[in-house]
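Trainee: kindly generate the corresponding structure for this input.
(2 chains)
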Amino acid sequence: MTGDLIFILLALLTLVSAVWVVLSRNLVHAGFGLLFTLFGAAGLYAYMGADFIAVTQVMVYIGGVLVLVLFTVMMTHVPRDKQRHGVDRYVPAAVFALLVFGVLYKTITAVSWHGLAGPAHPTVARIGAGVMTDYIFPFEYVSLVLLAAMIGAALLTREYHPTAEEGDAPAEDAATDQEVAS
Amino acid sequence: MNVGLPHFLTVGAILFALGLFAVMSRRNAIGILMGVELMLNASNINFVAFSRYVEHAVDGQIMAAFVIVLAAAEAAVALAIVLAMYRNFGTANADIAQRLKR
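Mentor: This is a model prediction of the structure:
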């Protein structure tokens, strides 16, 4: 009974703040709504016994991605999504989103799920063993992707000086395109 | 009520639909990115739920960890692009700025 109550509270926290993210006109408010959505999702992971994923969610998403998003919102001086009124934008988006949700919900209710949760064990050791054995190639590949993303982000945010040397500007652009493509 | 797999899948579906709505209705590129993050979280909830209720192993959770890593990389590059866009065009509106170069 207490478990059900905790699930309902976590799901409500996730979904209500997700609605806030989607509908808020002020992007800073949307960013703080995203904080609560990600925290609620981390709670749901913990509820399902996925301790490693829950902690990773808090550290990477809340500690990293969200800070990046909020910094970018504040650096671009456009906290308000001004141009966002008008039914031409809302109605097709709402119709399509409802359609997708309808299909997903129909699928969920049509299948009789027999899954039962076993007792929850700590997952960190098993995830570590899995990453080092079965998933060693994706693991190494992801580190390459992170390196490429790091170089790409550093190149893209570099100050552009058109007066310095016109000669090396095309080379810089080519390198930037390459990083984005990878 | 007995909380099981369908409840988590429903939460994931609602989160995915909300993210899709944000991606389609927002004009600011950062708002679109927030919608993408919501959709990635919805997929992660599904991964972890299936790993817990069907698979009884951690492969789904390893997938979820990969999704988190790729989402972080995507956010870093996308926000760098938004900053470059803002520097070149003075706006982060995805409708106006359609080129990366000047």
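
Trainee: and residue 69, what does it touch?
Mentor: No chain in the question, so chain A it is. Counting by Cβ atoms under 8 Å, 6 or more residues apart in numbering or on different chains, residue A:69 touches A:31, A:34, B:30, B:33-34, B:37, B:75, B:79. Yep, even glycine has a C-beta here, placed from its N, CA and C like the rest.

Trainee: think we crossed wires, I meant chain B
Mentor: A:60, A:142, A:145-146.

Trainee: residue ranges for the helices of the chain, please.
Mentor: Answering for chain A, as no chain was given. Along chain A, the stretches classed as helices by DSSP state H are A:2-23, A:27-47, A:51-56, A:66-75, A:87-110, A:124-132, A:136-156, A:169-181.

Trainee: you looked at the wrong chain, it should be chain B
Mentor: Under DSSP H, chain B gives helices at B:5-25, B:29-50, B:59-89.

Trainee: can I get the ones you listed in TSV with mean pLDDT?
Mentor: Formatted as TSV, these follow (pLDDT from 0 to 100):
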stretch	mean pLDDT
helix B:5-25	93
helix B:29-50	93
helix B:59-89	90
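
Trainee: quick one: these as JSON lines, columns for distance to residue A:122 too.
Mentor: Formatted as JSON lines, these follow (distance: least, Cβ to Cβ, whole Å):
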{"stretch": "helix B:5-25", "distance to residue A:122": "20"}
{"stretch": "helix B:29-50", "distance to residue A:122": "15"}
{"stretch": "helix B:59-89", "distance to residue A:122": "12"}
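
Trainee: so which of the ones you listed comes closest to residue A:130?
Mentor: Set against residue A:130 and scored by Cβ to Cβ, the helices of chain B come closest in helix B:59-89, at 5.2 Å.
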